[in-house]
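Undergrad: Quick one, fold the following:
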Amino acid sequence: ERQALYNTTTRISRLPPYVLMHFVRFYWRNDTGAKAKICRNVHFPIVLDLDRHLTEPLSRRLSAALARRREKAVRRQPLQAADGDDEA
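TA: Model (predicted):
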């Protein structure tokens with residue numbers, strides 16, 4: 001019986017018309033060997049930047065449009081609390 005470690009990389013070469021994302025608030029606890037719910041507030045980014053997952057030709061084609069969208073998103077994003085307190 002042979003065991004080998006290997007890595008694979010997949011890149012996006014064309015964009016789909018829609019992307020469905022499912023965010024969950026669970027993680028695997030190694031100490032108990034079970035799934036556990038994260039009970040604190042979880043913040044997800046407003047903009048999902050997938051540029052590092054694109055193929056080089058697609059990234060070059062989309063770079064100007066992505067830069068404009070990132071700029072707009074940063075201007076729209078609300079400011080975070082300076083002290084890290086997320087509860088109002």
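Undergrad: which ones are touching residue 63?
TA: By C-beta atoms under 8 Å, 6 or more residues apart in numbering, the contact list for residue 63 reads residue 51. All C-beta atoms are positioned from the backbone trio N, CA, C, and that covers glycine.
Undergrad: Pretty sure it sits in a helix.
TA: Yes. Residue 63 forms part of a helix when assessed by DSSP: H, G, I helix; E, B strand; the rest coil.
Undergrad: where's it relative to residue 25, distance?
TA: Applying C-beta to C-beta, to the nearest Å, the value for residue 63 to residue 25 is 33 Å.
Undergrad: Just the CA trace of stretch 28-35, in CSV.
TA: Extracted C-alpha coordinates of stretch 28-35, given in CSV (Å, rounded to 0.1, in the frame of the first residue of the first chain):
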residue,chain,number,x,y,z
TRP,A,28,-14.2,21.1,12.7
ARG,A,29,-12.9,20.8,16.3
ASN,A,30,-9.9,18.4,16.4
ASP,A,31,-10.0,18.1,20.2
THR,A,32,-13.6,16.6,20.1
GLY,A,33,-13.6,15.2,16.6
ALA,A,34,-16.9,16.9,15.9
LYS,A,35,-18.4,19.8,14.1
